[in-house]
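# need a 3D model of the sequence below.
(one chain, ligands or ions: 1)
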Amino acid sequence: MQRQPLVIANWKMNGNRLLTSQLAAALREQAALLNDVDVVICPPAVLLPSWQQEVFYDAVHLGAQDANEHAAGAHTGEHSLQLVSEAGADYVLVGHSERRQLYGDSAVRIQAKVAAILTHAPQQLKVVLCVGEQEQERANGDTVKVIEGQLAEALANVSAAQLAHVVIAYEPVWAIGTGKTANPQQAQDVHAFIRNWLQQQYDAAAKTVPLLYGGSVKADSAPALFAETDIDGGLIGGASLEPEAFLAICRAAQARRS
Ligand code: PEP
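The predicted model follows:
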């Protein structure tokens, strides 16, 4: 089955209005590319309205890097799904390793966030669920066990119909922001495991789920990664802050269609 390539930019706590204009202009110049590749930009939440003003032809989608699982209330510093949705987001990252490690995103909270996102009304949002093993877990031969545990916990209450609104990003924690990329075979092996696991749980619905690789993807490493059968695109941190590099990564994803 041909899935549309997908590339997601995660700016983390970087970027500003100037970079918003610069990356948006670079993307606008490549409007044709955007017919072949779905591009999602996840800036810091306060930049979503600036992006909303820049977005064109509905070709670029916006995403939030996180959102709170509660609808409203006394949660100082947090953003609700309603707020990020109003600010233009139609994707929400969940379970990024930085949130798991630094900001208390436990398995229970991740499950609650996934449920809240998939039942959000009136606009249904998409979940980008991030999973990945630590360096020591890989060294111990536990990669698949860790990934399976994270998938099972996060998707415990997700139906086959809801799966159409889920993207999964495999991001080995040891590769995020470190300059160490998983080699294409390592990444493909885990992606194939995820695809098989989804198939066992969800049967045919599993075929539509985009599986992204993330972890120090750069313009030069993207082509070999995206040539792998089960890698539908990437979740891009550092390189998404450089318009030329990000566009080169999007072109590498476009090459999957040929
Ligand atoms: C990320 O933030 O999800 C990520 C993959 O970052 P980087 O590309 O910088 O490793």
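
# which single residue of the stretch 151-258 of the chain approaches the ligand most closely?
Nearest residue of the stretch 151-258 of the chain to the ligand: Gly237, at 2.1 Å (C-beta to the nearest ligand atom). In short, each C-beta sits where N, CA and C put it, glycine included.

# phi, psi of the closest residue to that residue other than its chain neighbours?
The shortest distance from Gly237 to any non-neighbouring residue, by C-beta to C-beta, 6 or more residues apart in numbering, is to Asn10 (5.0 Å). Main-chain dihedrals, Asn10, degrees, to the nearest 10: phi -110, psi 100.

# I'd say Asn10 and Leu93 touch.
Yes - contact criterion C-beta atoms under 8 Å: Asn10 and Leu93 qualify, at 6.7 Å.

# list the beta-bridge partners for the residue nearest to Gly237.
Taking DSSP bridges as the rule, Asn10 bridges to Cys42.

# count of residues packed around Asp203?
If you count neighbours by other C-beta atoms under 10 Å, Asp203 ends up with 10.

# show me the contacts for it.
Remark: with contacts taken as C-beta atoms under 8 Å, 6 or more residues apart in numbering, Asp203 is in contact with Ala160.

# which residues in the chain form helices?
17-29, 33-36, 48-54, 81-86, 97-102, 107-118, 135-139, 143-154, 184-202, 222-226, 243-254 (DSSP state H).

# what residues sit buried inside the fourth one?
Residues of helix 81-86 classed as buried by neighbour count (16 or more other C-beta atoms under 10 Å): 81, 83-85.

# which one of these is nearest to Val158?
Nearest to Val158 among the buried residues of helix 81-86 is Leu81, at 16.1 Å by C-beta to C-beta.

# spell out which parts of the stretch 151-258 of the chain neighbour the ligand.
171, 176-177, 214-217, 235-239 (C-beta under 6 Å from any ligand atom).

# for the ligand, what is the nearest residue in the stretch 1-150 of the chain?
Closest to the ligand within the stretch 1-150 of the chain is Asn10: 4.2 Å, counting by C-beta to the nearest ligand atom.

# pLDDT-wise, which helix or strand of this structure ranks last?
Least confident helix or strand, the chain: helix 33-36 with a mean of 91, by mean pLDDT, DSSP states H and E.

# for it, which positions count as buried?
Neighbour-count burial for helix 33-36 [16+ other C-beta under 10 Å]: 33-34, 36.
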